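Colleague: sequence and predicted structure below; questions after.
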Amino acid sequence: MKITRYKKVQKYLKFYYNNFGFHQPYQVLIDGTFCFSAFKEHIAIREQLTKYLNGNVKLLTTRCIIKETEKIAKKTHGALTILKQFGIHECDHKEPVSGSQCILSMVGKKNDKHYILATQDRDLQEKMRLKPGVPLLYLHNKSPTLEKPSPASYSKAGQTLEANPFMFISQTQNESLKNMKKTLGVEEKEEVSKVVIKKKKLKNPNPLSCKKKKKKPGKKQDEKKDKVIEGRVKKRKKSKHKSGLSQSSIQQ
């Protein structure tokens, strides 16, 4: 058996152990459809289930299931011989009923007797998924497979945990822990959740998204405009002061 497959089985069994009180020996309730597929694939049910569940297994069936299988004994003679090897669990039916009806009555609403149901019947599997705490076992090709716990089982497990906070630790143990904390000076303080409002920091604007500032017309631009009139450029007039200075320099 592969390691991942082994881990999955142990994980699911641990879930049923912690939340619904399943323990060894595991009581596996088997119907005719499971035995028929096991006979077809040449599977030794007792050996395979003991190895797969990694624990003691108690294989059970009922008189109603045996009688139902006897009616179609021509097609399922090998399945009938396998079925008769298992222990018969009393179902309290005076008149025989169908195998699925017998199993539904045996499991009941809460599955108090902690049955693991081994069946290939799809309709019966769908009905059992609606009931919390019912592990489903079926054959996939030649290997037994324990199905993942149903949503009904997960929701029931959450309700029991909320209703019973001392599920994994007793109330007396919880009180003794509190007393030990007091003696050691470690007291539990209720943490007040403070909502910290973070101030947004002002960020500089993106230079690419900003428009360039338009330059205001100054004195230099006005002078240039005055110089260019009707396509003609005005020449600068020489000042008298400069011309006087130039003549005096010549005379000297």
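Modeller: Nice, thanks for sending it over. All values reported here derive from a predicted model rather than from experimental measurement.
Colleague: low pLDDT regions in the stretch 1-150 of the chain?
Modeller: By pLDDT under 70, the weakly predicted segments of the stretch 1-150 of the chain are 1, 73-74.
Colleague: the helices in it, which residues?
Modeller: Counting by DSSP state H, counting those that start in this stretch, the stretch 1-150 of the chain has these helices, from start to end: 3-20, 32-40, 45-53, 63-71, 77-83, 99-107, 122-129.
Colleague: nearest to Ser155, of those?
Modeller: helix 3-20 (10.9 Å; C-beta to C-beta). (Each C-beta comes from the backbone N, C-alpha and C, glycine too.)
Colleague: what does the closest one contact?
Modeller: For helix 3-20, contacts defined as C-beta atoms under 8 Å, 6 or more residues apart in numbering pick out 22-23, 52-54, 111, 114, 132-133, 135, 146-149, 153, 156-157, 160-161, 168.
Colleague: cutoff 7 Å now
Modeller: For helix 3-20, contacts defined as C-beta atoms under 7 Å, 6 or more residues apart in numbering pick out Phe22, His23, Tyr52, Leu53, His114, Gly133, Pro135, Leu146, Lys148, Pro149, Ala157, Thr160.
Colleague: how about stretch 84-103?
Modeller: Stretch 84-103 has contacts (C-beta under 7 Å, 6+ apart) with 29-32, 58-68, 105-106, 117, 121, 124.
Colleague: got the CA positions of it in PDB?
Modeller: Provided in PDB are the C-alpha atoms of stretch 84-103 (Å, rounded to 0.1, in the frame of the first residue of the first chain):
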ATOM      1  CA  LYS A  84     -21.800 -16.700   4.900                       C
ATOM      2  CA  GLN A  85     -18.200 -16.600   6.300                       C
ATOM      3  CA  PHE A  86     -19.000 -13.500   8.300                       C
ATOM      4  CA  GLY A  87     -20.700 -13.100  11.600                       C
ATOM      5  CA  ILE A  88     -24.400 -12.600  11.600                       C
ATOM      6  CA  HIS A  89     -25.700  -9.500  13.400                       C
ATOM      7  CA  GLU A  90     -29.300  -9.700  14.600                       C
ATOM      8  CA  CYS A  91     -31.400  -7.100  12.800                       C
ATOM      9  CA  ASP A  92     -34.700  -7.800  14.700                       C
ATOM     10  CA  HIS A  93     -36.700  -8.200  11.400                       C
ATOM     11  CA  LYS A  94     -39.300 -10.900  11.800                       C
ATOM     12  CA  GLU A  95     -39.900 -11.000   8.000                       C
ATOM     13  CA  PRO A  96     -37.000 -10.400   5.700                       C
ATOM     14  CA  VAL A  97     -36.600  -7.100   4.000                       C
ATOM     15  CA  SER A  98     -34.200  -5.900   1.300                       C
ATOM     16  CA  GLY A  99     -30.600  -5.500   2.200                       C
ATOM     17  CA  SER A 100     -30.600  -1.700   1.900                       C
ATOM     18  CA  GLN A 101     -33.600  -1.300   4.100                       C
ATOM     19  CA  CYS A 102     -32.000  -3.700   6.700                       C
ATOM     20  CA  ILE A 103     -28.800  -1.600   6.700                       C
END
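Colleague: cheers, nothing more for now.
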